[in-house]
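Visitor: Got a predicted model here, sequence first, then my questions.
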Amino acid sequence: MTHPIPIQFRPVDLEALPRVTGRIVAFASGPGAMSPGLRRLDRLTRGAVGRMLNHEAFDKLKPGEAVEMAWPSGLQADALQIVRLPRRADRAAARKAGGVIGRALSPAGCTVLAEGQTQAAEIAFGVAMRAYEFTAHKTGERKAPGPIVFQVSDPEAVAAAAAPGAAVAEGVFFTRDLVNEPANILTTHDFAARLAAMQELGLDVEILEEEALTKLGMGALLGVGQGSESPSKVVVMQWNGGAKGEAPLALVGKGVVFDTGGISIKPAGGMEEMTMDMGGAGVVAGVMRTLALRKARANVVGLVGLVENMPDGRAQRPGDVVRTMKGDTVEVINTDAEGRLVLADVMWYAQERFKPVGMIDLATLTGAIIIALGHENTGVFSNNDDLCDALLKAARAEGEGAWRMPMGDAYDAKLKSRIADMMNVGGRDGGAITAAQFLQRFVKPDMPWCHLDIAGTALLKSDSTLAPKGATGWGVMTLDRLIRDRFEAK
């Protein structure tokens, strides 16, 4: 898998600046504002730094944005990048600054003159996150970024502060790799094997095969995958870092490794992106990896339903009726509304087996949520204000967009079926909401629950602050923060 680039933290050494090769990065809080490091660089460049800081181009920069000088006179460095950032910047600005640095990394390496930056660990996190590349299927020699050295006032303290972020970054990278992987590589077999390999980190991983799923009565999940050569599976990952016997938080992910739409087949244009329809399962996997790496003091169980939705002679048809593990029957109106069928059975299993204190599911579930919220926010649906508010607070703290959507009986009524207990779709209007209403039927009374529709945020067609175009890993940071703040022993 892809790993975050290693970042070293060393004491500030201004005398070494003339000999530094690669890129030098320094910070300024505003026009004309100079730290000791910037004053040293200004002398070495015969006043060029000062002129840059007083130029209108720098004056127009927002916190976290940068200007740079290529081949600055008086230095051996290839480039000098000056980032506008207050010494006591907030987390968002610091990570944005790191993202700007990470986007410009080169094989020549980079020296970041952080000096007294109080958010140096967050800047380093931003560098690591934005430096991600998915190169598993590119041939030729890869020119990896050179050494990244942060010069800071207290290297040991900054390194300690950065350690939890390194675990989060690795979890995000794991998620991004899964979502970016093509479906001929990431089959249900391969996905399950990658999760099983996390046992070496201390996770307890169990793979339920089709025979076991049939005995459990997971007719909804099995119906989705019956047209594929890849067998359906459920993978259960347990992290028991909290009090022994204490009920866990349950995370449930949709893992459709490829979605053709089944018999209700999708249009050809854009279908190649349906390799990302396992994004919810990818996020759950990334969170579980993060918890294990940082030895979280919490009990969390992650469950993912792994299927492939393909059209063949055995595939599920529109009009079929399936029986869920709960016992309810579902008339399948549209085989392309398959994710909710997978989640219904896995959510019920999670509650029956683990009796969790709360449950959060994630899925690239509906195109309707993209129409509603675009690619800036994940849609959040919940039956519990307390859990929902905590999740939204965690998302704000981590800078991941999330917006609560409505639910209600009027939407629920749209799922009424003539021949079964319910239909799997309720029409085009309010499609993301009726999908959430469907899922709520598989949430037990008094179970705090949130549903996260990440269809618009799991994969982007353009760069973002902390990720190149492609998979974002949205949700790993938010859920890790939620677990830290609400479920972890202090």
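Guide: Happy to help now that I have it.
Visitor: Can you tell me the closest non-neighbouring residue to Thr465?
Guide: Taking C-beta to C-beta, 6 or more residues apart in numbering, and ignoring the residues beside it in sequence, Thr465 has Gly99 as its nearest neighbour in space, at 4.7 Å. C-betas here are computed from N, CA, C, even on glycine.
Visitor: wait, I meant Val284
Guide: Closest residue to Val284 in three dimensions, ignoring its sequence neighbours and counting by C-beta to C-beta, 6+ apart: Gly253, at 3.6 Å.
Visitor: What strands line up against the helix or strand hosting the one you found, and which way round?
Guide: Counting by DSSP states H and E, the secondary-structure element that holds Gly253 is strand 249-259. With DSSP bridges as the criterion, the sheet partners recorded for strand 249-259 are strand 299-309 (parallel), strand 358-363 (parallel).
Visitor: contact partners of the shortest one?
Guide: It stands for strand 358-363. By C-beta atoms under 8 Å, 6 or more residues apart in numbering, the residues outside strand 358-363 that reach it are 249-254, 279-280, 283-284, 339-340, 343, 347, 350-351, 384, 387, 391, 439, 443, 447-455, 475, 479.
Visitor: Report the buried residues of that strand.
Guide: The neighbour-count check on strand 358-363 (16 or more other C-beta atoms under 10 Å) flags 358-363 as buried.
Visitor: just these now: which is nearest Leu44?
Guide: Relative to Leu44, the closest of those is Leu362; by C-beta to C-beta it sits at 50.1 Å.
Visitor: List the contacts of the residue nearest to the closest one when sequence neighbours are not counted.
Guide: Nearest non-adjacent residue to Leu362, counting by C-beta to C-beta, 6+ apart: Gly280, 3.7 Å away. With contact set as C-beta under 8 Å, 6+ apart, Gly280 has these partners: 252-255, 304, 339, 361-365, 452, 454, 458.
Visitor: most neighbours, which of those?
Guide: Within the contacts of Gly280, neighbour counts (other C-beta atoms under 10 Å) peak at Gly255, which reaches 34 neighbours.
Visitor: Might one say that Leu391 is in contact with His451?
Guide: No: under the criterion of C-beta atoms under 8 Å, Leu391 is not in contact with His451, lying 10.7 Å apart.
Visitor: Please list the members of the contacts of strand 358-363 that lie in strands.
Guide: Using DSSP state E, the members of the contacts of strand 358-363 that fall in strands are 249-254, 449-453.
Visitor: Using a markdown table, lay out the buried residues of strand 358-363 together with pLDDT.
Guide: Rendered in a markdown table, the data for those read as follows (pLDDT from 0 to 100):
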| residue | pLDDT |
| --- | --- |
| Gly358 | 98 |
| Met359 | 99 |
| Ile360 | 99 |
| Asp361 | 99 |
| Leu362 | 98 |
| Ala363 | 98 |
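Visitor: hmm, back to that, shouldn't the residue nearest to Thr465 be in contact with Asp463?
Guide: No: because the distance of 9.1 Å does not satisfy C-beta under 8 Å, Gly99 is recorded as not touching Asp463.
Visitor: Tell me which of those two has more neighbours.
Guide: Between Gly99 and Asp463, counted using other C-beta under 10 Å, Gly99 has the larger neighbour count: 24 against 13.
Visitor: Could you measure from that one over to Leu365?
Guide: Look at Gly99 and Leu365: by C-beta to C-beta, to the nearest Å, they are 28 Å apart.
Visitor: How about Leu105?
Guide: Relative to Leu365, Leu105 is positioned 35 Å away (C-beta to C-beta).
Visitor: do Arg19 as well
Guide: Following C-beta to C-beta, the distance that separates Arg19 from Leu365 is 54 Å.
Visitor: Tell me how many other residues surround Thr260.
Guide: Counted with other C-beta under 10 Å, the burial measure for Thr260 works out to 23 neighbours.
Visitor: So it sits against Pro311, correct?
Guide: Yes: counting by C-beta under 8 Å, a contact exists between Thr260 and Pro311, whose distance comes to 6.0 Å.
Visitor: Quick check: longest helix in this protein by residues?
Guide: Identified as the longest helix of the chain according to DSSP state H is helix 155-180.
Visitor: Restrict the helix or strand following that one to CA atoms and write it as CSV.
Guide: Following the chain from helix 155-180 toward its C-terminal end, the next helix or strand by DSSP H and E is helix 188-196. Coordinates of the C-alpha atoms in helix 188-196 are reproduced here as CSV (Å, rounded to 0.1, in the frame of the first residue of the first chain):
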residue,chain,number,x,y,z
THR,A,188,-14.1,-9.2,-3.3
HIS,A,189,-11.3,-11.8,-2.7
ASP,A,190,-8.5,-9.2,-2.8
PHE,A,191,-10.4,-6.7,-0.7
ALA,A,192,-11.0,-9.3,2.0
ALA,A,193,-7.4,-10.4,1.9
ARG,A,194,-6.2,-6.8,2.4
LEU,A,195,-8.4,-6.4,5.4
ALA,A,196,-7.3,-9.8,6.8
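Visitor: just to revisit the earlier point, which of the ones in strands among the contacts of strand 358-363 sit farthest apart?
Guide: Taking C-beta to C-beta as the measure, those span a maximum distance of 19.3 Å, between Leu249 and Asp453.
Visitor: list residues touching both of Leu391 and His451?
Guide: Looking at what touches both Leu391 and His451 (by C-beta under 8 Å, 6+ apart), the common residues are 360, 380, 382.
Visitor: Select the helix or strand of this structure having the lowest average pLDDT value.
Guide: Every helix and strand of the chain was ranked by mean pLDDT, DSSP states H and E. The lowest is helix 56-59, at a mean of 89.
Visitor: what comes up buried for it?
Guide: Neighbour-count burial for helix 56-59, with 16+ other C-beta under 10 Å as criterion, is recorded at Phe58.
Visitor: Mind giving me the packing neighbours of the next helix or strand after that helix?
Guide: Once the chain leaves helix 56-59, the next helix or strand it forms, by DSSP H and E, is strand 66-70. Contact partners of strand 66-70 among helices and strands, from 3 or more C-beta pairs under 8 Å, 6 or more residues apart in numbering; DSSP states H and E: helix 48-53, strand 79-84, helix 91-103.
Visitor: quick one: the longest one to chain centroid distance?
Guide: Between the mean C-alpha point of helix 91-103 and the mean C-alpha point of its chain there is a distance of 17 Å (C-alpha atoms, centre = their mean, to the nearest Å).
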